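Asker: just to be clear, the model below is a prediction. Sequence and coordinates:
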Amino acid sequence: MNTAIITGASSGMGREFVKLAAQRGDLDEIWVIARRGDRLAELAKEGQVPLYILPLDLMQQESFDRYRSELEARKPQVTLLVNASGFGRFGRYDQIPLQDNLDMIELNCKALTHITGLTLPYIVQGGHIIQVDSLSAFQPVPYISIYGATKAFVLSYARSLNVELKDRDIHVMAFCPGWVKTDFFDHAWKTSKEAVTYYNKLFTPEEVVRVAMKDSAKGKDVCVPGLGVKAQVLATKLLPHKLVMNIWMKQQKH
Ligand SMILES: NC(=O)c1ccc[n+]([C@@H]2O[C@H](COP(=O)([O-])OP(=O)(O)OC[C@H]3O[C@@H](n4cnc5c(N)ncnc54)[C@H](OP(=O)(O)O)[C@@H]3O)[C@@H](O)[C@H]2O)c1
């Protein structure tokens, strides 16, 4: 059974990964993970590929115990793992509740690492891992400081894991989109609507996830969809980060 496993599948980019993966025609089953089981069940009605629904909260240890047992019982041959669960909060560090900052680390870094570790024994030769990352991985981002730091972790982890897993012929890619129109903003704005106000371009999930699927198949280790976003990444490599942060602060009117 060729299986894809996708976290964050109940909305936004994770949901789009489910749709596009199902269209590829090479999968027998897709495991979909998120807390909102009802949203996952709705997705199952649309699909060309059977979905195995796992309504799990990836900030709870018992969810990983359940996931481990499911893997042991069903022994899937995983050809694609996508870690898309994640959230952000906008605002000055000391104005975001400490628990929210800790939860971002818990979900964006720890849960992603945990799912990757538990799934790895089941990923087949030629399999792919897509770690949903962000443009904010490439520079420190004031007013999204912890979120940006979690994404820097994902970038570093994904790139080195890609090198380490070459001998197993497993490919790992950090997928780093700019702003994407999803429910992400409803969560990020919970702490501040004023901290981040300038969004140069909003992509649709379909636009960016299509690029991610193509780039993963091509074997890229980092995927940055969109020319403007690529130019921003280049700027973070060429310019001192102090200057890049100053530009960001001016754009956001701080
Ligand atoms: N939107 C952007 O501009 C943007 C840009 C770059 C990167 N990203 C990254 O893209 C990824 C996907 O976000 P999105 O934009 O698609 O936003 P989204 O629509 O809010 O999707 C987030 C997903 O994460 C899941 N999730 C949240 N908390 C969870 C938990 N405790 N346990 C399990 N699943 C949980 C949500 O499902 P449930 O609520 O059902 O659990 C949902 O499916 C995130 O890592 C985000 O940081 C977003």
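Answerer: The structure has been received and is ready for your questions.

Asker: give the burial count for R159, as a bare number.
Answerer: Residue crowding around R159 was assessed by other CB atoms under 10 Å; the count is 16. In short, each C-beta sits where N, CA and C put it, glycine included.

Asker: please read the previous query as pertaining to K237.
Answerer: 9.

Asker: the helix or strand containing it near the ligand anywhere?
Answerer: If you go by DSSP states H and E, K237 is part of helix 227-238. No. For helix 227-238, no contact with the ligand is found by CB under 6 Å from any ligand atom; the gap never falls below 9.8 Å.

Asker: quick check: buried residues in that helix?
Answerer: V229, Q232, V233, T236 (16 or more other CB atoms under 10 Å).

Asker: go on, stretch 72-88?
Answerer: Neighbour count says stretch 72-88 has P76, V78, T79, L80, L81, V82, N83, A84, S85, G86, F87, G88 buried, by 16+ other CB under 10 Å.

Asker: so how far is R68 from M13?
Answerer: Distance of M13 to R68, computed by CB to CB, to the nearest Å: 25 Å.

Asker: quick one, which of the two is more surrounded?
Answerer: A direct count of neighbours by other CB under 10 Å for M13 and R68 places M13 higher, at 27 against 14.

Asker: in CSV, list the buried residues of helix 227-238 along with distance to A44 and pLDDT.
Answerer: CSV is the format used below for these (distance: CB to CB, whole Å; pLDDT from 0 to 100):
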residue, distance to A44, pLDDT
V229, 32, 98
Q232, 37, 97
V233, 36, 98
T236, 40, 97
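
Asker: which positions in the stretch 1-150 of the chain make contact with the ligand?
Answerer: Checking the stretch 1-150 of the chain against the ligand by CB under 6 Å from any ligand atom, the hits are 8-14, 34-36, 39, 57-59, 84-88, 107-108, 132, 134.

Asker: repeat that for 8 Å
Answerer: The stretch 1-150 of the chain comes close to the ligand at residues 7-16, 33-36, 39-40, 55-60, 63, 83-88, 103, 107-108, 111, 132-136, 147, as judged by CB under 8 Å from any ligand atom.
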